[in-house]
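Student: Predicted model, plus sequence, below.
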Amino acid sequence: MAPRASAKPQKSPPRDAPLAPMEALLVETLPDEPGWQFEPKWDGFRAIVARYGDEIEIWSKSGKPLGRYFPEMVERIAKLKQRHLLLDGELVIPIGDTLSFDALQARLHPAASRIAKLSKETPAQLILFDALAIGGKDLRDQPLSDRRAALEALHRTMKDDRILLSPASMDVEQAMDWLKSSGGALDGVIAKPLEEPYRSGERAMRKIKQLRTADCVVGGYRKADKGGVASLLLGLYNEAGNLDQVGFCSGFPTSERKALIERLAPHEGEPGFTGKAPGGPSRWNPEKIGAYIKLRHELVIEVIYDQITAGRFRHGTRFRRWRPDKAPTQCTYDQLVRELRPAELLQLIDQGRDEDG
């Protein structure tokens, strides 16, 4: 756990992160008894904002400084009236019609000139959801209900369209409606105990994640070093009718890997991926070469995925079932859940404001 930060005004921010963010335990259902506050789970970079007079830093979930990568947000924080702050939130970047995780990752670049260019072309937004210290007052030992009231009062003084207040509700049904109204594009919902203090570094919150599934063509596979299938390579048809590789599915039990070989063998042969194909080192495992065993476009599986970035599954998927009833040509990009549009994000923010009065 990170050392406890002092709430007293300091001349400069600490050299290390002032604290570890409070985290959430993954659960299957949200608590429905009284005493919980629900918030959207945003898909961005977790951000602990520390301001000590003229000195400002933004810390990542892992305790690394982010301020140099988001200078436009540091400038915004510098313009706030309150000169001593410790806030918890999420950095996001809207690009056109979507929130872009790729744009966030592009900021983690060593060249200051590149960062300066991106900060002007694709400015970030900060979504706040907790207040840990305001002025000389440490709020972390206070219950969430008091911290939320302090955060709302602080936000009303900001008048900045790029520093937003995350909506919150005590109604579990409304929280589930957020998932439905966002088209499944939210990463999930967080539940926080209203009477608990801020428990730094602990999994004191609860979260449910959106269950997203997609039907994909198995365009090829890679063998494990000891035999059997290491991973299935997944494809979706693009608008030109070519099969793009969009991810992989792995983690099969050893006992099933050889059986998979028997299932795949009758389908081996061209064409494999006819659009974007594996080439060179694997995106997910640099030590793996691009060579793979091609399969004809005859097998379809349903997989569970978390997020889409630049038209690909951001992480490995989980196998759900075979889909012999599904025609491979039906496996197209339009079944994927798009990322949340900025207008929809603002609508959720406004809903939260309306409820809070």
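Tutor: Everything's here; your move.
Student: And stretch 58-69, what's buried?
Tutor: Buried residues in stretch 58-69, defined by neighbour count with 16 or more other Cβ atoms under 10 Å: 58-60, 66-67, 69. C-beta coordinates here come from the backbone N, C-alpha and C atoms, glycine included.
Student: Out of those residues, name the two that are farthest from one another.
Tutor: Spatial extent of those (Cβ to Cβ) is set by the pair 59 and 69 at 11.7 Å.
Student: Stretch 25-45: how far from the chain's middle?
Tutor: 15 Å (Cα atoms, centre = their mean, to the nearest Å).
Student: mind listing what's buried in that stretch?
Tutor: In stretch 25-45, counting by 16+ other Cβ under 10 Å, buried: 30, 36-45.
Student: Show me how the record splits the chain into domains.
Tutor: Using automatic domain parsing, the domain ranges for the chain come out as 23-210+341-356, 212-335.
Student: okay, now the nearest residue to residue 83 once chain neighbours are set aside: neighbour count?
Tutor: Distances taken as Cβ to Cβ, 6 or more residues apart in numbering put residue 53 closest to residue 83, at 5.4 Å, once the chain neighbours are dropped. Using other Cβ atoms under 10 Å, residue 53 has 12 neighbouring residues.
Student: quick revisit: now the buried residues of stretch 58-69 as JSON lines including distance to residue 89?
Tutor: Shown next, in JSON lines, are the buried residues of stretch 58-69 (distance: Cβ to Cβ, whole Å):
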{"residue": "58", "distance to residue 89": "9"}
{"residue": "59", "distance to residue 89": "11"}
{"residue": "60", "distance to residue 89": "12"}
{"residue": "66", "distance to residue 89": "12"}
{"residue": "67", "distance to residue 89": "14"}
{"residue": "69", "distance to residue 89": "15"}
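Student: which residues of this structure score low on pLDDT?
Tutor: Along the chain, the parts satisfying pLDDT under 70 run over 1-15, 97, 182-185, 279-290, 337-346, 348-357.
Student: hmm, 50 instead?
Tutor: Filtered on pLDDT under 50, the chain yields the residue ranges 1-12, 280-289, 356-357.
Student: how about the helices of it, start to end?
Tutor: Per DSSP state H, the chain carries helices over the ranges 71-78, 101-106, 112-121, 144-156, 172-181, 254-264, 342-356.
Student: possible to save the ones you listed as CSV with mean neighbour count and distance to residue 130?
Tutor: Below are the helices of the chain laid out as CSV (neighbours: other Cβ atoms under 10 Å; distance: least, Cβ to Cβ, whole Å):
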stretch, mean neighbour count, distance to residue 130
helix 71-78, 18, 16
helix 101-106, 17, 20
helix 112-121, 13, 25
helix 144-156, 18, 6
helix 172-181, 16, 17
helix 254-264, 13, 44
helix 342-356, 15, 14
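Student: Mind checking the ones you listed for the one nearest to residue 162?
Tutor: It's helix 71-78; of those, that one is closest to residue 162 (Cβ to Cβ) at 5.8 Å.
Student: Good, wrapping up.
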